[in-house]
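dropping the sequence and predicted coords here.
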Amino acid sequence: MSVQDRIRQQVTDNNIILFMKGTPQFPQCGFSGKSVQLLQACGAKFASVNVLADPEIREGIKEFSNWPTIPQLYIKGQFIGGCDIITELYQKGELQKLVTGAQGSILAVPGRSRGNDVQYPGCPSWRPDFFRAKVFSSTYPRLAQLWTNS
């Protein structure tokens, strides 16, 4: 099984998964530690992958998401972002909604559906590009533009 297939399986098999440096009990970088704290503050039950334990996963996750930094959070198979995005979502109360939905099976990604498709406020249907642009547009306008044009 290729590294990309292993990552894809981990992302699909876990409602909430954090690819991080270290473990939730012993994070090896401040960004990973903060991400864990924010998820725990939301009451998230999440899987984690210590990218320091597997160099192939460490590089492969960056290719998988087309995102250069770690940690990386996935909820219901969808890439959410790194520590800065997790923090922004938490401050706006959106992370709590995503976590609650993922744990309560309210959220479902098409193709892996256990209920209704994902619905975000202001997003009429499951459109990850729309969601990403909405999340990033206020704080990261250039990143949002690059992401939605890719």
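Nice, I can see it.

tell me which stretches of this protein form strands.
Ranges of strands in the chain, per DSSP state E, are 16-20, 47-50, 72-75, 78-81.

got the contact list for the first one?
Contacts to strand 16-20, defined as C-beta atoms under 8 Å, 6 or more residues apart in numbering, come from residues 10-11, 24, 27, 29, 32, 35-36, 39, 44-51, 57, 61, 70-76, 99, 102-103. Just so you know, the C-beta spots here come from the backbone N, C-alpha and C atoms, and that holds for glycine as well.

list the pairing partners of that strand within its sheet, with orientation.
Here strand 16-20 is paired, per DSSP bridges, with strand 47-50 (parallel), strand 72-75 (antiparallel).

deepest of those strands, which one?
Per residue and on average, the most neighbours among the strands paired with strand 16-20 fall to strand 72-75, with a mean of 26 (mean count of other C-beta atoms under 10 Å).

now tell me what touches it from outside.
Contacts of strand 72-75 (C-beta under 8 Å, 6+ apart): 11, 14-19, 35, 39, 61, 65, 79-82, 85-86, 98-99, 102, 107.

ok, now with 6 Å
11, 16-19, 61, 65, 80, 86, 98, 102 (C-beta atoms under 6 Å, 6 or more residues apart in numbering).

may I ask which of those has the most neighbours?
Neighbour counts for those, by other C-beta atoms under 10 Å, peak at Phe19, which reaches 28 neighbours.

so what sits opposite that residue in the bridge?
Beta-bridge partners recorded for Phe19 (DSSP bridges): Val49, Gln72.
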